[in-house]
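Participant: compute the structure for the input listed below.
(4 chains)
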There are 2 protein chains.
Amino acid sequence: MTDKASAIVSAVTQAILDHNLVPGTKLGERELAEIFGSSRVIVRQALVELSDGGLVSLQRNRGAFVANPSLAEALEIYDALTIIEQSVAEILIERGAAARLGEMRQLNERQRKAIEEENRQLSHDLGRDFHTALVRLGRNRQIEEFHARLTRQAALLSSLYTTDPEACGFVHDHDDILDLIERGEVAAVKRKIQTHNQVVARSFNYDQVREQSLPLAESLAPYLPSNARSA
Amino acid sequence: MTDKASAIVSAVTQAILDHNLVPGTKLGERELAEIFGSSRVIVRQALVELSDGGLVSLQRNRGAFVANPSLAEALEIYDALTIIEQSVAEILIERGAAARLGEMRQLNERQRKAIEEENRQLSHDLGRDFHTALVRLGRNRQIEEFHARLTRQAALLSSLYTTDPEACGFVHDHDDILDLIERGEVAAVKRKIQTHNQVVARSFNYDQVREQSLPLAESLAPYLPSNARSA
DNA sequence: CGGTCACAAATTGTTATACAATCCTTGCAT
DNA sequence: ATGCAAGGATTGTATAACAATTTGTGACCG
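Facilitator: Numbering: from 1, shown residues only, chains lettered A, B, ... in the order given. Alright, predicted model coming up:
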């Protein structure tokens, strides 16, 4: 349903994940309607969807804002990620699915290369891909989608709290995780996954200068479906 | 945001959970607008929300229908429930949170009484409450909400596939689960939770006669906020 | 009798406009 | 400054309208 609304949803989502829209930014209905060249009704549908996705918060009679999670919520999100990934790892071991870890090794390889070449964006993306690929091996759509949602929220968080580009010892961890799964060491994998995520969560810096974001139109410009707007 | 839309969302949700609206039922925009005495715009927002909740599926240019999950999806939902509840149980044990299991014992007690009195509805509800209460002890909103969502979908499923009112050995299982948590027997709890859920999932009967549901207006009548509708 | 094509009816997707309710700002009076 | 009130801006909702698409119907043909 509603083609245009989903266009808005994905544009805004992408903009948030890219930190082009920072938490707290107001998403005015008329403004978005202007930008996307559609009516307010469509924008509202999009906002409802976005809010269900957790990236946007709706405040009755006040409008929509890019979500601005508290530190407590941030920690819950990382805990949830940990829980899901631990469960998946455990299931993979139970299933003896170690055989299918090949493509994940490749992912790590590519990420390693990206880091060498100092391609920030790519290595970052590949780092995320590792986690989603891992969860996908669990073969459960519900879990996959939940994990994806958490990942999106985590991406938002990093725009809020993170101080340091986190691409540090990650690839190494990732390989360790695969090793442990292959060797069937349940407890060890789970510990690894937990600390792996906690490293990120603990590095949060609550009091951080947050830069104002540009006017909406500019922040969203790169994501427009191709509905230019003449003044 | 959007007061009226949420009224529609909760009314339709409740109707689905109560099996007053059966899977596959078409939810026409005009019809709903008529019934709830609001405009199509509002109804559409509600439908978008409902679809995000997984109880309604939107088909482009065709409309909205009460979700009609396949057997495969049904099993995934129960697997996901199992995963979540297992994780929570494990965490509770790790935390040594056995102390707070008192109110859950009470729940079981009440359910036992309800069963004795043959109060189907109540015992059923209390059975569900056990699971949500358990998850709540995990103190993670993300997980709680995900679990709630899965529970709603499971309720829908029971209207689809279940043949037999499942209230059989459940209370007993529930007490066992609490016992095992108190005694810190991780592996045993997890097994228990798994089989507990599998009993339900395995009892599914795919080919089942499904009764047509009444006209929308009648199915929804009990849930209207108080916007009567004159013909 | 069955199939298929064309057209009409119904429904969805979307826009525009309007207006009440609520929030926010600004300027004024104290 | 502080508090208040008026006005402007924004949201919440309704109505009407129309294009696009799907669905239903019936005529026509094999």
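
Participant: go ahead and confirm A:Thr25 touches A:Ala64.
Facilitator: No - with contact defined as C-beta atoms under 8 Å, A:Thr25 does not count as touching A:Ala64 (9.5 Å). (Glycine included, C-beta is placed from N, CA and C.)

Participant: which of those two has more neighbours?
Facilitator: Set A:Thr25 next to A:Ala64 and count neighbours by other C-beta atoms under 10 Å in any protein chain shown: A:Ala64 wins out with 24 against 21.

Participant: okay, and the beta partners of that one?
Facilitator: Beta bridges link A:Ala64 to A:Leu27, A:Leu58 when assigned by DSSP bridges.

Participant: distance of it relative to DNA strand C?
Facilitator: As for A:Ala64, its distance to DNA strand C is 12 Å (criterion: C-beta to the nearest atom of the strand, to the nearest Å).

Participant: where does pLDDT dip in chain A?
Facilitator: For chain A, the stretches with pLDDT under 70 are A:162-169, A:206-213, A:225-231.

Participant: now do the strands in it.
Facilitator: A:26-27, A:56-59, A:63-66 (DSSP state E).

Participant: comparing the ones you listed, which comes out most buried?
Facilitator: Of the strands of chain A, the one with the most neighbours on average (mean count of other C-beta atoms under 10 Å in any protein chain shown) is strand A:63-66, at a mean of 20.

Participant: dump the residue contacts of the residue most central in space within chain A.
Facilitator: For chain A, the residue sitting closest to the mean C-alpha position, by C-alpha atoms, centre = their mean, is A:Arg152 at 2.5 Å. Counting by C-beta atoms under 8 Å, 6 or more residues apart in numbering or on different chains, A:Arg152 touches A:13, A:17, A:53-55.

Participant: show me which residues of chain A sit near chain B.
Facilitator: Neighbours of chain B within chain A, by C-beta under 8 Å from any C-beta of the partner chain: A:1-3, A:5, A:41, A:44-45, A:47-49, A:51-53, A:58-61, A:64, A:73, A:76-77, A:79-80, A:83-84, A:86-87, A:91, A:140-143, A:146, A:150.

Participant: so which of the residues you listed sit within helices?
Facilitator: Under the assignment DSSP state H, these contribute A:3, A:5, A:41, A:44-45, A:47-49, A:51-53, A:73, A:76-77, A:79-80, A:83-84, A:86-87, A:91, A:141-143, A:146, A:150 to helices.

Participant: and those near DNA strand C, which?
Facilitator: For DNA strand C, the contacts drawn from these by C-beta under 7 Å from any atom of the strand are A:3, A:5, A:41.

Participant: surely the first one meets B:Leu58?
Facilitator: No - between A:Asp3 and B:Leu58 there is no contact, the gap being 11.6 Å when judged by C-beta under 8 Å.

Participant: CA-only coordinates of stretch A:36-47 in CSV, if you can.
Facilitator: Taking Å, rounded to 0.1, in the frame of the first residue of the first chain, the C-alpha atoms of stretch A:36-47 are listed here in CSV:
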residue,chain,number,x,y,z
PHE,A,36,8.8,15.0,-1.2
GLY,A,37,6.2,16.7,-3.3
SER,A,38,3.3,14.9,-1.8
SER,A,39,0.4,15.7,0.4
ARG,A,40,0.3,15.8,4.2
VAL,A,41,-1.8,12.7,4.3
ILE,A,42,1.0,10.7,2.8
VAL,A,43,3.6,12.2,5.0
ARG,A,44,1.5,11.2,8.1
GLN,A,45,1.3,7.6,7.0
ALA,A,46,5.0,7.6,6.6
LEU,A,47,5.5,9.1,10.0
